[in-house]
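Asker: the sequence isn't on hand, but the structure is:
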């Protein structure tokens, strides 16, 4: 599972660009994203806060806004296991290839939690890559349009 997840990261980062080399790099990335989201960073993959599912939901909401129903997890009416189920469900719905189960989060299974965060990192890089490709297509279309406009002016067509 660990090797497969790092293989996914390698593929999505186009051969190693921004590729995390070990577990500490993934933890650093998670904390960087959580800090940007104005959420509390985690100390390790066995941080007790993870068993509530909240850090996962905060990270997912930062990566892909509006991918969760904030009222479900901000009100605090749900029990932790239900929030863990909800967090994993939201990750899958957002497009992450998640192998982690709610039990892994509740039991603080560090390896499976690492895998979950690595899958969210894959999702992050995939979304970032799609956005860059879309931006490049827009720029290409603008250049084509400008070239057509210039050609029409040169030929006396307006």
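Answerer: On my side now, so go ahead. Note that the structure is predicted; figures quoted are calculated from it, not measured.

Asker: identify the residues contacting stretch 77-92?
Answerer: Judged by C-beta atoms under 8 Å, 6 or more residues apart in numbering, the contacts made with stretch 77-92 from elsewhere in the structure are 51-54, 56-57, 60, 67-68, 72-73, 98, 100-102, 105-106, 116, 119-120, 123. C-betas here are computed from N, CA, C, even on glycine.

Asker: make it 6 Å
Answerer: Taking contacts as C-beta atoms under 6 Å, 6 or more residues apart in numbering, the residues outside stretch 77-92 that touch it are 51-53, 56-57, 60, 67-68, 73, 98, 102, 105-106.

Asker: min pLDDT across these, which one?
Answerer: The member of the contacts of stretch 77-92 with the lowest pLDDT is residue 73, at 89.

Asker: distance of the nearest residue to that residue once chain neighbours are set aside from residue 63?
Answerer: In space, residue 73 comes closest to residue 57 once its chain neighbours are excluded; the distance is 5.1 Å by C-beta to C-beta, 6 or more residues apart in numbering. Summarising the geometry, the distance separating residue 57 from residue 63, computed by C-beta to C-beta, to the nearest Å, is 11 Å.
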